[in-house]
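Asks: got a sequence here, can you model it:
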Amino acid sequence: MSRKRKLSPEERALWDRVASTTENYRPKKADPAELESFLAPKPKPKPKAEGLRSFEMGQHAKPSSSRHDLAPEPGEHLARQPVTMDRKAHKAMTRGKLKPEGVLDLHGLTLAEAHPELIRFILNSQSHGKRLVLVITGKGKRGDDDGPIPRRVGVLRHQVPQWLRMMPLAPAVMQINEAHLKHGGAGAYYVYLRRIR
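Replies: From the prediction side, this is the model:
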């Protein structure tokens, strides 16, 4: 069995110097009286000058609502629009019971290509006496770049209903609704056209 070696006076002085610069690993327990005074409610400050009221941070703040004002999806917005066509036909259309008389597939086109195609298709369909047509936009896909600024998914899906409400298509269109799942769901629209008088 080896015996512990004793420190030399130089080693002991060095050790004492190092030990004086360290902090205790186990923190000292808080005094209960100190803790109680720390947690006790602070007295309200008295006004310093006559005519001044006391003020506390946030006393007039209104509770913030955590709701975000996000634009609704095109289908939700269209579903809230009033029904301007025959209600029975509208019900059958939204349930996918009516067969579209014409189909335009804009899927994969740019905005510049899609807009003139939509105008041509709608006006030609109306001139041929068609009432219900289907416009396929696709649901859109998320790009690789998800930067800090949010981008809408499905540019055509958001843009087509706006084009249908603008000139020269607005007078031809009676009703726009998101298509039933069997006709494309959120990636397509039913467009019910007015008759030419």
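Asks: give the next helix or strand downstream of the longest helix seen in the chain.
Replies: Criterion DSSP state H: the longest helix present in the chain is helix 111-127. Downstream of helix 111-127, the next assigned helix or strand under DSSP states H and E is strand 132-136.
Asks: check which helices and strands that following strand sits against.
Replies: strand 102-105, helix 111-127, strand 188-193 (3 or more Cβ pairs under 8 Å, 6 or more residues apart in numbering; DSSP states H and E). (Each C-beta comes from the backbone N, C-alpha and C, glycine too.)
Asks: quick one, that strand and helix 111-127 angle?
Replies: Put simply, strand 132-136 runs at 170 degrees to helix 111-127, going by axes from the mean of the first three to the mean of the last three Cα atoms, to 10 degrees.
Asks: got the contact list for strand 132-136?
Replies: 93, 98-107, 118, 121-122, 125, 160, 179, 183-184, 187-193 (Cβ atoms under 8 Å, 6 or more residues apart in numbering).
Asks: just the buried residues of these.
Replies: Applying 16 or more other Cβ atoms under 10 Å to the contacts of strand 132-136, the neighbour count classes 93, 98, 100, 102, 104, 106-107, 118, 121-122, 125, 160, 179, 183-184, 187-193 as buried.
Asks: lowest-pLDDT helix or strand in the protein?
Replies: Lowest on mean pLDDT, DSSP states H and E among the helices and strands of the chain sits helix 32-39, with a mean of 71.
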